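**Q** Using only what follows, build the 3D model:
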Amino acid sequence: MLDHDKSKEELIAELIALRQRLKDMEESSCSVDNIEYKRSKEDADFYLTILDEAPALIWRAAKDAKCDWFNATWLAFTGRQLSQEIGDGWAEGVHPEDFDRCLAIYLEAFHARKFFQMEYRLRRHDGEYRWILDIGCPFKDAHGEFAGYIGYVYDITDRKMNEQFRLEVERIVRHDIKAPLASLHVLAKTVFEDGIDEDIRLLVPGILRAVQHVINLVDSTEKIALLELGKYRPQSKWFSINNIIHDAEACLSSMAEMKKINIETNFDDSARVSCCCLGEESLVQDMITNILKNALEASPSNKTVTITCICSDEDLHILVHNHGAIPESIRNNFFDKYVTSGKPLGTGLGTYSAKLIAEAHGGQISFSTSEEDGTTVLISLPIPEDSAMRPGAL
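**A** Here you go, the predicted structure:
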């Protein structure tokens, strides 16, 4: 079965065209020179062979609302025999949570002889429930009498997942936005304290940096959603990784101060002088900030979180270390969606989005952890072969 990116309006138009084809076939096979004759059941159903291999799941119901035919595509999807599906057998595959609603919509439309459309979950042959869009409408026989319903069904699981992921990205933004807002709050509070005059000028860069980070987070919402779908390619521009790391450190300084954690940055000689990255700066900024934030949350108080940057001709390596250990229960799926442990406000989306960003830039992200050595997250980003054209220190 094909999973088309078609609108409901397009699917409805296809169903209307299909219904007209059925009517035309009925009329052409029932009348010759205006002489009608009685056909056998095989003759009456000859048109079903045309629909049997259609990409959509198609069903037909008789005048008693019982389904009497499903095409081969439907049967291949459910993995069941026609004898199992006819009548009310098909309803056995409807998700229990959707069954009552599904049945009510169907019967109400059927008795009113009107068009209907509904979304519900149908069990596939492998046991997985898939979201489907079921569009049904009445059709008439050659005499113009109501003959039953014809239904046209498409798998919309990916579409539903896209909608769900958009909501999850919004959760990511709400989650990640707290850190820069916290910094902004502390800085603003300091500005309005009594006794501050000339020193206010020194606080302005920090305020602007925090505000800009909030703006970048909001702008990245759509990009993160598209990254998971493989439908977004990051921009390719050179930027200084040094500046990115320093900005992440400044953004999370308030969190570090609250936990009495010192953030230490180490750059090797090449990184200190001219370590540049080719990619989309705002996304890489989000990635590093997420990983650093995760390290601060996982680190014991009064410890040091270390960021090390190593730059070569081929790769850029960023290592973020903290003294906490990743719980064994989540080590095998640390970068998976929703995976978190021991953090009251954790969503399990920060490390997941970091993985998306790293891979979208052709890189990798991994970790090592133990009770003795703590945790190190390693981000590796490739340096393109034309790196000779990259700028020097930015």
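
**Q** Just checking, which helix or strand of the chain averages the lowest pLDDT?
**A** strand 35-36 (a mean of 42; mean pLDDT, DSSP states H and E).

**Q** Would you mind splitting this protein into its domains for me?
**A** Following automatic domain parsing, one finds the domains of the chain at 8-155, 167-389.

**Q** Need those in CSV (columns: mean neighbour count).
**A** Every C-beta, even on glycine, is put in place using the N, C-alpha and C of the backbone. Below are these laid out as CSV (neighbours: other C-beta atoms under 10 Å):
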stretch, mean neighbour count
domain 8-155, 15
domain 167-389, 17
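
**Q** now the ones you listed as TSV including distance to M161?
**A** Shown next, in TSV, are the domains of the chain (distance: least, C-beta to C-beta, whole Å):
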stretch	distance to M161
domain 8-155	8
domain 167-389	9
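
**Q** Surely G127 forms part of a strand?
**A** No. Per DSSP: H, G, I helix; E, B strand; the rest coil, G127 lies outside any strand segment and is coil.

**Q** do you know how far it is from A358?
**A** Using C-beta to C-beta, to the nearest Å, one gets 33 Å for the distance from G127 to A358.

**Q** what about the helices in this protein?
**A** In the chain, the helices defined using DSSP state H lie at 8-30, 41-44, 48-51, 72-78, 82-85, 96-112, 157-191, 200-229, 241-251, 253-258, 269-274, 281-298, 350-360.

**Q** list the contacts for the residue nearest in space to the middle of the chain?
**A** By C-alpha atoms, centre = their mean, the chain has its centre lying nearest to F165, at 3.4 Å. F165 is in contact with 225, 228-229, counting by C-beta atoms under 8 Å, 6 or more residues apart in numbering.

**Q** What pLDDT is listed against the residue nearest to N333 when sequence neighbours are not counted?
**A** Using C-beta to C-beta, 6 or more residues apart in numbering and skipping the chain neighbours, the partner closest in space to N333 is V339 (5.3 Å). At V339, the model reports a pLDDT of 78.

**Q** Pull the contacting residues for the residue lying closest to N71 once chain neighbours are set aside.
**A** Excluding its sequence neighbours, the residue lying closest to N71 (C-beta to C-beta, 6+ apart) is I58, at 4.4 Å. Going by C-beta under 8 Å, 6+ apart, I58 touches 18, 51, 70-71, 73-74, 150-153.

**Q** Bridging across strands, which residues link to I58?
**A** Y152 (DSSP bridges).

**Q** how close does it sit to G151?
**A** 7 Å.

**Q** what do you get for T289?
**A** Relative to G151, and taking C-beta to C-beta, T289 is found at 49 Å.
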